[in-house]
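Novice: for reference, the sequence and a predicted model appear below.
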Amino acid sequence: MRRPRTLALLALCACGSNTLNGAFAKAWLGTSTVTILGQAPVNFPSQLNITVSGDNATLTNICPDGSGSITATGSGNSAAWSGSVNCFVPGNNCTLTLTYKSTALSLSSDNRTITSDASGTANGCGLSTTFTVHFVGT
């Protein structure tokens with residue numbers, strides 16, 4: 001009887017290690033750098049809102065107009081995502097589709113700084129090109 005209890009306890013402990021660090025969950029303020037192929041990088045102040053549930057982090061406020069969300073999956077202090085998000089571009093009155101190809105979201109070991117790097121393709125609003133986004137927030 002002791003062996004099954006020990007194995008059950010070990011299984012429960014192993015499952016817990018797959019969750020994201022709850023410190024991801026907050027409104028992060030920082031700077032985003034967006035680079036579109038053939039154009040100079042653009043830096044601007046940004047806010048990234050994150051909620052955490054298990055191994056999922058929901059990132060909201062990812063479009064320039066404050067809309068858009070994605071779900072990243074990971075464990076500990078790192079996560080990644082894929083897929084597309086549609087962002088309305090108010091100045092151009094059009095919708096830009098961002099398709100993420102490579103992504104990384106990481107939290108510093110002291111839980112005070114978040115870094116997000118993503119790249120992919122942007123289509124719409126007269127564009128069909130590649131992009132990168134780098135965000136650092138506290």
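Specialist: Nice, I can see it.
Novice: which parts of the biggest strand by length in the chain are buried?
Specialist: When every strand of the chain is counted residue by residue (DSSP state E), the longest turns out to be strand 94-107. Within strand 94-107, the residues that qualify as buried are 96, 98, 100, 103, 105-107, counting by 16 or more other C-beta atoms under 10 Å. Glycine gets a C-beta too; all of them are placed from N, C-alpha and C.
Novice: also stretch 65-83?
Specialist: Residues 68, 70, 72, 74, 77, 79-81 are the ones in stretch 65-83 that count as buried (16+ other C-beta under 10 Å).
Novice: which of those fall in strands?
Specialist: 70, 72, 74, 79-80.
Novice: which single one of the buried residues of strand 94-107 is nearest to residue 60?
Specialist: If you rank the buried residues of strand 94-107 by distance to residue 60 using C-beta to C-beta, residue 105 comes first, at 13.4 Å.
Novice: gap between that closest one and residue 59?
Specialist: 8 Å (C-beta to C-beta, to the nearest Å).
Novice: what do those two both touch?
Specialist: Here residue 105 and residue 59 share the contacting residues 72, 81, 116, scored by C-beta atoms under 8 Å, 6 or more residues apart in numbering.
Novice: tabulate these (TSV), appending distance to residue 21.
Specialist: Compiled in TSV, those are given as follows (distance: C-beta to C-beta, whole Å):
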residue	distance to residue 21
72	12
81	16
116	15
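Novice: list the helices and strands the longest strand of the chain packs on?
Specialist: Applying 3 or more C-beta pairs under 8 Å, 6 or more residues apart in numbering; DSSP states H and E, one finds that strand 94-107 makes contact with strand 69-75, strand 78-80, strand 83-89, strand 114-124.
Novice: so what angle separates the directions of the longest one and strand 83-89?
Specialist: On the basis of axes from the mean of the first three to the mean of the last three C-alpha atoms, to 10 degrees, strand 114-124 is oriented at 70 degrees to strand 83-89.
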